[in-house]
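J.: Sequence first, then the predicted structure, then my questions.
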Amino acid sequence: MSNLMAALSVALLVLTTATAHAGEKDGAFTVSPFVGGYTFDGAEKLETRPMVGLRLGYNIIAHFALEATFNYVSTRFSEPVPGTVDVFNYRLEGIINFIPEGRVVPYLAIGGGGSTINMPITFIISNYHHHSPTANAGFGAKWFFSENMAVRADYHQNLVINTDVVGNKRHDGLANYEYSVGLQFSFGGGKPFASLSLEPGTIRAGESATLFWRTQKATNCVIRPGLGPVGAQGNITVSPPADTTYELTCDSKAGTLSSMAVITVSAANRPSPAPASGKETGSAGTK
């Protein structure tokens with residue numbers, strides 16, 4: 001757990017320096033390890049304890065994903081009952097991503113699964129290995145600090161349905177809560193694209209501007225006129241003598257990708273004429 005928290009700290013430090021395109025992508029697979037806490041319904045008389053888990057997801061489209069979650073909690077009874085209680089939770093949820101192309105992606109989750117509780121054998125509890133179905137809902141946000149990595153925070157409510165595990169008394173539902181933070185790693189997905197931009201878009205003759213470009217799933221990129229082959233992303237300073245249209249072209253499985261950026265060049269500032277020397281000139285009135 002300490003190693004994961006260290007990784008999260010490093011991720012937060014680089015958030016302000018990342019410049020790559022962020023957000024969820026169509027067809028991407030995601031892996032999300034996490035840590036957090038788990039709070040049980042008061043009727044269960046189980047202590048709130050740390051939780052560890054893993055999520056595996058697939059983005060059907062950038063706005064919607066399916067995600068399988070597994071987590072584990074080791075707890076004890078709040079009453080003087082000896083032994084450790086092991087709790088395993090597992091579920092499948094639909095994830096609705098809002099603003100999936102953004103650096104911060106809020107989302108809602110809803111689904112269902114199950115919970116397995118392994119309890120010590122005592123004279124008080126006869127049912128020591130119990131499975132219950134669950135209904136699950138939650139929300140959270142993903143903060144992308146690179147194209148394929150994000151810090152993720154989640155909150156879930158897990159409704160444990162039709163259980164008789166607590167003191168052998170039947171309960172229609174028990175409301176448990178979990179809260180976590182972790183990392184999300186994305187693999188694959190995304191549509192090919194190429195983007196070219198200029199800053200600033202207007203300069204005076206002799207001044208410079210910067211061309212920025214980025215691509216995804218593209219090869220053999222070229223910027224014309226005059227710049228030639230370039231990498232998948234980068235920037236370069238240009239100082240054209242006149243108005244110029246730059247074009248980025250790349251190859252991809254979807255065909256040729258292109259993007260254009262236009263820079264306007266105005267005349268250089270001319271120095272103001274010096275005042276005339278000698279006698280003043282002008283018109284004089286007639287007496």
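T.: Cool, got the structure.

J.: Just list the residues touching Val105, thanks.
T.: Residues counted as contacts of Val105 (C-beta atoms under 8 Å, 6 or more residues apart in numbering) are Gly23, Glu24, Asn97, Phe98, Ile99, Ala141, Lys142, Phe144, Ala150. (Each C-beta comes from the backbone N, C-alpha and C, glycine too.)

J.: Which of the residues you listed fall within strands?
T.: Asn97, Ala141, Lys142, Phe144, Ala150 (DSSP state E).

J.: Pull out the buried residues from those.
T.: Neighbour-count burial (16 or more other C-beta atoms under 10 Å) applied to those gives Asn97, Lys142, Phe144, Ala150.

J.: Nearest to Thr69, out of the residues you listed: which one, please.
T.: Lys142 (14.6 Å; C-beta to C-beta).

J.: Show me what that closest one is bridged to.
T.: Per DSSP bridges, the residues bridged to Lys142 are Val105, Arg152.

J.: ok, then the element right after the least confident helix or strand in the chain by mean pLDDT?
T.: Scoring the helices and strands of the chain by mean pLDDT, DSSP states H and E places helix 2-13 at the bottom, with a mean of 48. Later in the chain than helix 2-13, the nearest helix or strand by DSSP states H and E is strand 29-39.

J.: helices and strands around that next one, which ones?
T.: Contacts defined by 3 or more C-beta pairs under 8 Å, 6 or more residues apart in numbering; DSSP states H and E place strand 29-39 against helix 2-13, strand 49-61, strand 64-75, strand 149-166, strand 169-187.

J.: Quick one: distance of that strand to the chain centre.
T.: With C-alpha atoms, centre = their mean, to the nearest Å as the basis, strand 29-39 stands 15 Å off its chain's centre.

J.: What pairs with it, parallel or antiparallel?
T.: Strand 29-39 is paired, per DSSP bridges, with strand 49-61 (antiparallel), strand 169-187 (antiparallel).

J.: Averaging pLDDT over each of these, report the lowest-scoring one.
T.: Mean pLDDT across these is lowest at strand 169-187; the value there is a mean of 87.

J.: Hmm, Ala194 is touching Glu247, no?
T.: No: using C-beta atoms under 8 Å, Ala194 is not in contact with Glu247; the gap is 10.0 Å.

J.: Compare these two and say which one has the larger neighbour count.
T.: Between Ala194 and Glu247, Ala194 has the larger neighbour count (other C-beta atoms under 10 Å), namely 22 against 15.

J.: which residues touch the more buried one?
T.: By C-beta under 8 Å, 6+ apart, the residues touching Ala194 are Trp213, Arg214, Thr215, Ala218, Cys221, Leu248, Thr249, Cys250, Leu257, Ser258, Ser259.

J.: Check the burial of the residue nearest to the first one when sequence neighbours are not counted by counting its neighbours.
T.: Think Trp213. Spatial nearest neighbour of Trp213, chain neighbours left out: Leu196 (4.7 Å); criterion: C-beta to C-beta, 6 or more residues apart in numbering. By the measure other C-beta under 10 Å, the count of residues near Leu196 is 20.

J.: Distance of Leu108 relative to Ala65?
T.: 11 Å (C-beta to C-beta, to the nearest Å).

J.: Settle it for me: which of those two has more neighbours?
T.: Counted by other C-beta under 10 Å, Leu108 and Ala65 do not tie: Ala65 has more neighbours, with 22 against 14.

J.: For Leu46, which non-adjacent residue is closest in space?
T.: Phe40 (4.1 Å).

J.: ok, now Ile99?
T.: With sequence-adjacent residues excluded and distances taken as C-beta to C-beta, 6+ apart, Ile99 is closest to Val105, at 6.0 Å.

J.: Same question for Glu101.
T.: Using C-beta to C-beta, 6+ apart and skipping residues adjacent in sequence, the residue nearest Glu101 is Gly23, 4.4 Å away.

J.: Just the strands from the stretch 151-287 of the chain, written as ranges.
T.: Counting by DSSP state E, counting those that start in this stretch, the stretch 151-287 of the chain has these strands, from start to end: 169-187, 193-199, 202-204, 209-216, 219-224, 228-230, 233-238, 244-252, 255-266.
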